[in-house]
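Asks: One predicted model, sequence on top.
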Amino acid sequence: MRNLADLKGPYRFIMIIVKNIDALQRHLDKARANGNIGFVPTMGALHEGHLELIRTCRKENVQTIASIFVNPAQFNDPTDFQKYPVTIEKDILLLEKEECQLLFLPPVEVIYPHGFKGTAYFDLGDLDKILEGRFRPGHFQGVCKVVNRLLDIVQPTRLYLGQKDFQQCMVIQKLIELTKKNTVVRVCPTKRESDGLAMSSRNVRLSESQRKTAPLIHNTLLRAKRQIKKGSLLMIKQERTAILSEAGFRPDYFEFASLRDLAIKDTWDGEEKLVALVAAYLGEVRLIDNMIIN
Ligand code: PAJ
């Protein structure tokens with residue numbers, strides 16, 4: 001008889017990958033009996049930002065499930081959808097390394113059996129009309145469609161999201177309230193490259209020289225955080241936008257908003273909690289970032 005210590009060779013964690021709902025439910029039923037389920041939805045092309053979500057989820061839950069689904073409903077720009085990086089084999093290895101127990105990898109017809117065009121509308125108030133919503137019409141409705149569907153399927157105890165997509169976190173929180181789900185949202189800090197650039201699946205599409213310019217988007221937020229004082233915020237917004245334009249960005253917005261409800265602020269009373277948010281194109285690549293100010 002052999003005991004465990006006799007087993008030679010490296011230990012290899014095996015992650016279960018499922019593509020359809022029946023198989024997923026079978027695994028989830030077993031998982032649920034063992035404890036809390038934490039869920040990390042992604043569109044793949046995984047980087048350290050995603051992996052930090054997995055690590056936090058692993059620490060806080062008995063079972064970690066990730067999903068990879070490049071959601072056609074949330075791309076308002078068809079070129080962005082076509083060019084969205086797909087690195088599935090690498091993603092699987094990365095998730096296994098983090099000991100993620102379950103990966104849901106559905107084909108489009110499993111998520112949208114009747115197509116995605118005519119499905120439900122979620123009343124998010126102003127949340128999907130400002131900032132990203134203004135420049136990417138329909139984007140947050142598309143995010144809600146897929147997240148609503150994924151949450152109905154997985155029914156996790158906790159949902160892990162990145163602060164990098166600050167407005168998305170607020171939208172999904174609102175979706176959960178609207179649909180009266182029991183899932184708790186956990187927002188994890190933005191993971192950055194050493195030069196401050198927020199990690200993003202889209203960063204691989206930047207040219208070498210664009211990649212050198214890109215961290216300015218983070219610097220401009222840091223600068224605004226230092227500059228801000230009670231009174232009008234318009235000068236800072238204009239100055240920050242101009243600096244980005246001079247460096248070769250095409251800014252969509254640089255805004256301050258209330259941390260509570262994301263209402264845009266043109267003046268500050270020196271007390272209200274604010275977040276600064278920026279979106280700008282560098283060539284064809286659209287970058288977003290944000291920073292909590294106080
Ligand atoms: P995706 O861009 O793949 O991001 C998946 C999750 O990783 C999101 O919660 C996002 O905020 C988080 N994330 C991305 N970059 C990060 C970084 N640098 N630091 C920390 N977290 C980061 O966001 C989506 O996919 C989709 O909209 C999705 C929610 C999956 C719905 O389709």
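Replies: Perfect, thanks for sending it.

Asks: Could you see whether the ligand lies near the helix or strand harbouring residue 149?
Replies: Using DSSP states H and E, residue 149 maps to helix 139-154. Yes. Using Cβ under 6 Å from any ligand atom, helix 139-154 comes into contact with the ligand via 143, 146, 147. All C-beta atoms are positioned from the backbone trio N, CA, C, and that covers glycine.

Asks: which SS state does the nearest residue to the last one once chain neighbours are set aside fall under?
Replies: Of all residues beyond its chain neighbours, the one nearest residue 147 is residue 172 (5.5 Å), with distances taken as Cβ to Cβ, 6 or more residues apart in numbering. Three-state assignment for residue 172 (DSSP: H, G, I helix; E, B strand; the rest coil): helix.

Asks: Enumerate the residues of the stretch 101-250 of the chain near the ligand.
Replies: Residues of the stretch 101-250 of the chain lying near the ligand (Cβ under 6 Å from any ligand atom): 143, 146-147, 161-162, 164-165, 168, 188, 190-191, 198-201.

Asks: Filter these down to the buried ones, PyMOL style.
Replies: Buried subset of these, written as a PyMOL selection, criterion 16 or more other Cβ atoms under 10 Å:
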select buried, resi 143+146+147+161+162+164+165+168+188+190+191+198+199+200+201
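
Asks: for the residues of the stretch 101-250 of the chain next to the ligand, which one is nearest the ligand?
Replies: Set against the ligand, the nearest of those by Cβ to the nearest ligand atom is residue 162 (2.1 Å).

Asks: Enumerate the beta-bridge partners assigned to the closest one.
Replies: For residue 162, the beta-bridge partners are residue 188 (DSSP bridges).

Asks: I'd guessed residue 87 sits against residue 46; true?
Replies: Yes. Between residue 87 and residue 46 there is a contact under Cβ atoms under 8 Å: 7.4 Å.

Asks: between the two, who's got more neighbours?
Replies: Legend: neighbour count by other Cβ atoms under 10 Å for residue 87 and residue 46, higher for residue 46 (25 against 16).

Asks: Now do the same for the more buried one: helix, strand or coil?
Replies: Looking at residue 46 with three-state DSSP, the answer is coil.

Asks: Check the spacing between it and the ligand real quick.
Replies: 8 Å (Cβ to the nearest ligand atom, to the nearest Å).

Asks: Ok, residue 227 next?
Replies: Distance from residue 227 to the ligand, by Cβ to the nearest ligand atom: 24 Å.

Asks: quick one: contacts for that residue?
Replies: residue 236 (Cβ atoms under 8 Å, 6 or more residues apart in numbering).

Asks: what about it, distance to residue 221?
Replies: To residue 221, residue 227 is 11 Å away according to Cβ to Cβ, to the nearest Å.

Asks: cool, and residue 166?
Replies: Taken as Cβ to Cβ, the span from residue 166 to residue 221 is 11 Å.

Asks: Can you work out which residues contact both of those two?
Replies: With Cβ under 8 Å, 6+ apart as the test, residue 166 and residue 221 both reach residue 290.

Asks: neighbour count winner among these two?
Replies: Using other Cβ under 10 Å as the criterion, residue 166 and residue 221 rank with residue 166 on top: 25 against 22.

Asks: In which helix or strand does that one reside?
Replies: Element membership of residue 166, judged by DSSP H and E, is helix 166-178.

Asks: Check which helices and strands that helix sits against.
Replies: Under the contact criterion of 3 or more Cβ pairs under 8 Å, 6 or more residues apart in numbering; DSSP states H and E, helix 166-178 touches helix 132-135, helix 139-154, strand 158-162, strand 184-188, strand 274-282.

Asks: what's in contact with the second one?
Replies: Here helix 139-154 makes contact (Cβ under 8 Å, 6+ apart) with 21, 24-25, 28, 37, 39, 41, 65, 67, 69, 71-76, 104, 111-112, 116, 119-122, 124, 127-128, 132-133, 159, 167-168, 171-172, 175-176, 179, 181, 183.

Asks: OK, contacts around residue 263?
Replies: Contacts of residue 263 (Cβ under 8 Å, 6+ apart): 126, 257.

Asks: now do the one 4 residues further on
Replies: With contact set as Cβ under 8 Å, 6+ apart, residue 267 has these partners: 231, 232, 233.

Asks: ok, now how distant is it from the ligand?
Replies: Taking Cβ to the nearest ligand atom, one finds residue 267 at 29 Å from the ligand.

Asks: picking that back up, isn't the residue nearest to residue 147 right up against residue 162?
Replies: No. Look at residue 172 against residue 162 with Cβ under 8 Å: they stay out of range, at 11.2 Å.
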